[in-house]
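**Q** task: produce atomic coordinates for the following.
(one chain, ligands or ions: 2)
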Amino acid sequence: MTTELNSPLDMHLHLRDGDMLRTVAPLSSESFAGALIMPNLVPPIDTKEALLAYRDRILDATKGDIFKPYMTLFFRENYDYDFLAGFGDSLTALKLYPAGITTNSEGGVSGFDIDTLRPALEAMSELGLPLCIHGETNGFVMDREKEFVSIYENLASNFPKLKIIMEHITTKESIDALDRYENLYATITLHHLLITLDDVVGGMLRPHLFCKPIAKRPIDREALQKVALNAHPKVMFGSDSAPHPKEAKESCGCAAGVFTAPIALAALAELFDKHHKLENLQKFVSDNAKSIYGITPPEKKVILEKTPMNVPSSCGSVVPMFAGETLSWSIKEII
Ligand code: NCD
Ligand code: ZN
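**A** Numbers count the residues shown, from 1 in each chain. Ligands and ions are numbered 1, 2, ... in the order given. Predicted coordinates:
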């Protein structure tokens, strides 16, 4: 059995920089036609100069592959129309992090005062630049995303022309919000479709499954699966593949992030096949993102087949999800 994907897209990807970039970038660029690149480097990508230079380093690390990095800028409240207009086509979206909520987000937004945010968000609305948000408060860890829904709603109703992407959603409450506001969209990761908190801490602690936002309850995973497997037009695949060196994960004070880039498409095919929904995978990993972002990725055909894939125990210094295990689907050919 085989299935064919046209120009698969990963609309939330961490590629890092330096040696790590050179290790992980080819693992996405080989099979994906493009990806939305997160800006949480140290220091974050917050100028045109830094963004263009980072884009060039990515292109260098992915040389030989057909792959378009769609760049994001680290959101700051003081951006204005002229500054954002100056990026032209090189900028696809902005990423807003609440201050200190996740890896390298210390310079993010604290407080979500509409009047303070207005100039930047109105400029983005006019320029058609989407706002991608890591939607968590600093409340109790299981409630952080749920508590953020009212902030999403406040932003969505105050800036109706702004496309707001709720990144890596993990709860039923976020899914319910999707249909209440025309301008709310979402990305969903592979790992949140597969695991619950039980897989992370229910038995032996599994550091390679620890990420932000943390995986939630079975009822939440069910809600995520329902919209992803049915390719709800407002959701798209964003792996949030977030590599950290093995020693930063298997340590006292484990870094947050699951590394899924090398297994993403095979594991998605396995999941969609298991639920008899393979026909919807094209929309979830490409078509929905194309229409939400209005992008035309490069042509690339990925043929997947139902033959086993042995997942490596590590990729350089990074341990992928399902390390050492076998998936029932694999990539057969990339054209
Ligand atoms: C991400 C990272 O390591 O950059 N970590 C994670 O757990 N997802 C940051 C993020 O997207 O929150
Ligand atoms: Zn992320």
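**Q** quick check: the gap between T260 and ligand 1.
**A** With the distance defined as Cβ to the nearest ligand atom, to the nearest Å, T260 ends up 11 Å from ligand 1. All C-beta spots, glycine's among them, are computed from the backbone N, C-alpha and C.
**Q** before we move on, what about L91?
**A** Applying Cβ to the nearest ligand atom, the value for L91 to ligand 1 is 19 Å.
**Q** same check on L205?
**A** Applying Cβ to the nearest ligand atom, the value for L205 to ligand 1 is 16 Å.
**Q** pretty sure that residue belongs to a strand, no?
**A** No - the assignment for L205 (DSSP: H, G, I helix; E, B strand; the rest coil) gives coil, which keeps it out of a strand.
**Q** and it, what pLDDT?
**A** On the pLDDT scale, L205 is placed at 98.
**Q** G107 now?
**A** Predicted confidence (pLDDT) for G107: 88.
**Q** do the same with F74
**A** In this model, F74 is scored at 98, pLDDT.
**Q** quick one, phi psi at it?
**A** phi -70, psi 120 (degrees, to the nearest 10).
**Q** OK, contacts around it?
**A** By Cβ atoms under 8 Å, 6 or more residues apart in numbering, the residues touching F74 are 39-40, 44-46, 94-95, 97, 107-108.
**Q** quick one: which of those residues is nearest ligand 1?
**A** N40 (5.1 Å; Cβ to the nearest ligand atom).
**Q** number of residues surrounding that closest one?
**A** Residues lying near N40 (other Cβ atoms under 10 Å) number 22.
**Q** skipping its backbone neighbours, what lies nearest it in space?
**A** N104 (4.1 Å; Cβ to Cβ, 6 or more residues apart in numbering).
**Q** buried ones in stretch 129-137?
**A** Buried residues in stretch 129-137, counted by 16 or more other Cβ atoms under 10 Å: 129-137.
**Q** strands - which of the residues you listed land there?
**A** 131-133 (DSSP state E).
**Q** so which of those residues comes closest to ligand 1?
**A** Nearest to ligand 1 among these: C132, at 10.0 Å, using Cβ to the nearest ligand atom.
**Q** hang on, isn't that closest one packed against L94?
**A** Yes - counting by Cβ atoms under 8 Å, C132 does reach L94; the two are 6.9 Å apart.
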